[in-house]
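Engineer: Next one to model:
(one chain, ligands or ions: 1)
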Amino acid sequence: MSVLDLFRLDGKVALVTGGNRGIGKAIATALAEAGASVAIAGRDEVRNREAVTELTGLGGAVISTRTDVTRRPDLIAMRDQVTERLGPIDILINNAGIGIHGESLTIDDDGWDRVMATNLDAVWKASQVIGESMVERGTGSIVNVGSMSGMIINRPQWHAPYAVSKAGVHHLTRSLAAEWAPRSVRVNAIAPGYTKTEISDIDLPEYRHYWIDEVPMQRYAQASEIAPAALYLASQASSFVTGEVLVIDGGYTLW
Ligand code: NDP
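Structural biologist: Predicted coordinates:
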């Protein structure tokens, strides 16, 4: 077996939350190219369908489920649909996320709650709902999408709820990794830096100094540069890695 075979996912079933655009779609593409059958979960059915069309033919079967990750009944229905149509889920990518910017004194309870519900609570709930069958089967790999914002304080925009949610994702990753390691379920995270997607306004000239010039590599990432790390953590290439938070930030957190 060559080392590259360890990255192959032939016969595996992968589920990517928020897989219909941005980083999630790039990860779903990478997993499909590696041979997995892929399910995309998101709320927007049009974007879900477009992503399925784009990914079909790359690897195994590709399907989507209309899912709001903040709702446990949706997550249970998502698990059941994917299991019925593709088979038991081997890989869970908890990627769905939202961000809000604002000074802390201006953010109301609804803002805090929405960010926590999507970015942290949903990772907990999806890990429980999907992780249960992984633990029972004694196999599985969960990759959570955290952020360098869970490690540092970004400038110049403030976003305390987002940063706290991502720090929570990193520690939830370590907690579940320790608990489920004896059951052969690995739990890891990636922590991207500034990445060009719909969620991030990284092209705004007023942010250039902070978001580009201050990055040691002096640029932002494309989503396609984040995806290979998720493939590594999802696959047997990382068979002895668990509880790790892999930073992909062009060096930003070095300062
Ligand atoms: P996008 O806004 O481009 O995509 C977000 C995805 O999440 C969409 O597919 C959206 O689908 C889905 N989503 C959001 N809320 C829900 C929900 N309640 N239920 C189901 N799906 C949901 O964001 P990015 O690709 O930029 O971000 C992806 C992840 O990467 C996030 O966790 C983000 O925090 C993280 N990240 C991003 C960085 C960046 O610079 N872009 C840097 C570091 C981390 P739909 O609307 O159809 O539900």
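Engineer: Identify the residue nearest the geometric centre of this protein.
Structural biologist: Closest residue to the average C-alpha location of the chain: residue 95 at 2.5 Å, with C-alpha atoms, centre = their mean.
Engineer: I'd say it and residue 27 touch.
Structural biologist: Yes. Under the criterion of C-beta atoms under 8 Å, residue 95 makes contact with residue 27 at 6.3 Å. Any C-beta I mention is one placed from the backbone N, CA and C, and that applies to glycine too.
Engineer: Which neighbours do those two have in common?
Structural biologist: When contacts are counted by C-beta atoms under 8 Å, 6 or more residues apart in numbering, the set common to residue 95 and residue 27 consists of 16, 19, 145.
Engineer: Now the second one. Nearest residue, chain neighbours left out?
Structural biologist: The shortest distance from residue 19 to any non-neighbouring residue, by C-beta to C-beta, 6 or more residues apart in numbering, is to residue 40 (3.5 Å).
Engineer: if I look at the one you found, how far off is the ligand?
Structural biologist: 8 Å (C-beta to the nearest ligand atom, to the nearest Å).
Engineer: Just the element for that residue, please.
Structural biologist: For residue 40, the host element (DSSP states H and E) is strand 37-42.
Engineer: Pairing partners for that strand, with directions?
Structural biologist: Next to strand 37-42 in the sheet, as set by DSSP bridges, lie strand 13-17 (parallel), strand 62-66 (parallel).
Engineer: Show the subsequent helix or strand relative to the helix or strand of the chain with the lowest mean pLDDT.
Structural biologist: The helix or strand of the chain with the poorest confidence is helix 208; it has a mean of 89 (mean pLDDT, DSSP states H and E). Per DSSP H and E, helix 208 leads on to strand 221-222 as the next helix or strand towards the C-terminus.
Engineer: What helices and strands are in contact with whichever strand in the chain runs longest?
Structural biologist: Ranked by number of residues, the top strand in the chain under DSSP state E is strand 185-192. If you count contacts as 3 or more C-beta pairs under 8 Å, 6 or more residues apart in numbering; DSSP states H and E, strand 185-192 packs onto helix 122-137, strand 140-145, helix 160-180, helix 223-234, strand 245-248.
Engineer: Give me whichever of these is most buried.
Structural biologist: Per-stretch averages of neighbours, counted by mean count of other C-beta atoms under 10 Å, single out strand 140-145 among the helices and strands packed on strand 185-192, with a mean of 27.
Engineer: touching the ligand at all, it?
Structural biologist: Yes. For strand 140-145 and the ligand, the contact criterion (C-beta under 6 Å from any ligand atom) is met by residue 145.
Engineer: how far is that strand from where the chain is centred?
Structural biologist: Here the centre of strand 140-145 is set off from its chain's centre by 8 Å, with C-alpha atoms, centre = their mean, to the nearest Å.
Engineer: what does that strand contact?
Structural biologist: Contact with strand 140-145 is made by 23-24, 27, 89-95, 97, 123, 127, 130-131, 133-134, 169-170, 172-173, 176, 184-190, 192, 230, 233-235, 238, as judged by C-beta under 8 Å, 6+ apart.
Engineer: can you do 7 Å?
Structural biologist: 23, 90-95, 97, 123, 127, 131, 134, 169, 173, 185-190, 230, 233-234 (C-beta atoms under 7 Å, 6 or more residues apart in numbering).
Engineer: out of the residues you listed, who's near the ligand?
Structural biologist: Restricting the contacts of strand 140-145 to those within reach of the ligand (C-beta under 6 Å from any ligand atom) leaves 23, 95, 97.
Engineer: List the ones among those residues that fall in helices.
Structural biologist: residue 23 (DSSP state H).
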